[in-house]
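Asker: The following comprises the amino acid sequence and a computationally predicted model.
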Amino acid sequence: MRWIKWVLVSALALGFALAQGNANTAFVRFAHLVPDAPAVDILSGQNKVFEAQSFKDVTYYEAVPAGTLTLTVQTSGQNPVKVAEVTLRVQAGKYYTVMALGTASTLRTRLVEDRIAPAEGVAKVRVVHASPDAPAVDVALKGGPVLFRNLAFGQLSGYGTVPANAYDLEVRPTGTTNVALPLEGVAFESGKVYSVFAVGLVAGQTLEVVVVEDTFGSP
């Protein structure tokens, strides 16, 4: 079974009480992309920055001090268990996504910079391959040309620009015309920036996409 789920991400008003315009502030969000992992909290020291994040949740950006930041990922609820600890270096005025990738037994994190400045008259789109058992893929127009080519697990494309519209897309194993995942009616609005996360498992026939708007205002 295949399906597409559109996720409108919800912000958690937790974390650091820093002004957005602070010259020493960076902005970080968390993407839970591990299909068999439980809900998690993300802490800095003893402070919960993000709470009860489940598979396919992508938070809004939270302001953090620029520089070196150590985050702890632990299971939510009573008797939490530490899942991972990650040390990041983030620069003032920039935006980042911390992606949790893989499976519960192979979990790893990756920090990527998000270039969220919009382009007038078009939408900006990038694709993230986050399905741990899927081969490298191309993303193409339905029955048409490839838009994003040869993305392996854990990789992401650059931001491409497309006219605002609704598109029928296909995820294909790289170099083939076979359709691994049809994406019907994917809508992108002018002047907005999007990340499209391909998630789930081939083995469980749970491949789907999570489409997230990256915009959070100007740094």
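Answerer: Right, received. Where do you want to start? Numbers count the residues shown, from 1 in each chain.

Asker: Name the next helix or strand following the one helix or strand Ala187 maps to along the chain.
Answerer: Here Ala187, judged by DSSP states H and E, is contained in strand 181-188. Following strand 181-188 in sequence order, the next helix or strand is strand 193-199 (DSSP H and E).

Asker: Partner strands of the next helix or strand after that following strand and their direction?
Answerer: Next along the chain after strand 193-199, taking DSSP H and E as the criterion, comes strand 208-213. Strand 208-213 has the following sheet partners, assigned by DSSP bridges: strand 193-199 (antiparallel).

Asker: hmm, who's touching the strand it pairs with?
Answerer: With C-beta atoms under 8 Å, 6 or more residues apart in numbering as the test, strand 193-199 has contacts from 31, 33, 35, 55-56, 58, 97, 114-118, 123-131, 134, 137, 139, 156, 159, 171, 181, 186, 188, 207-215. For the C-beta atoms, the positions are set from N, CA and C on the backbone; glycine is no exception.

Asker: now it against strand 181-188, angle please.
Answerer: Angle, strand 193-199 to strand 181-188, by axes from the mean of the first three to the mean of the last three C-alpha atoms, to 10 degrees: 160 degrees.

Asker: Sheet partners, orientation included, of the strand holding Ala187?
Answerer: Note on strand 181-188: by DSSP bridges, its sheet partners are strand 165-173 (antiparallel).

Asker: Tell me the buried residues in the strand it pairs with?
Answerer: By neighbour count on 16 or more other C-beta atoms under 10 Å, the buried set for strand 165-173 is Tyr167, Leu169, Glu170, Val171, Arg172.

Asker: surely Val146 meets Ser157?
Answerer: No - at 11.1 Å, Val146 does not count as touching Ser157 under the criterion of C-beta atoms under 8 Å.

Asker: can you list residues touching both of the two?
Answerer: Shared contacts of Val146 and Ser157, counting by C-beta under 8 Å, 6+ apart, come down to Val139.

Asker: any idea how far Val179 lies from Arg172?
Answerer: For Val179, the distance to Arg172 equals 6 Å [C-beta to C-beta, to the nearest Å].

Asker: With that, I have no additional questions.
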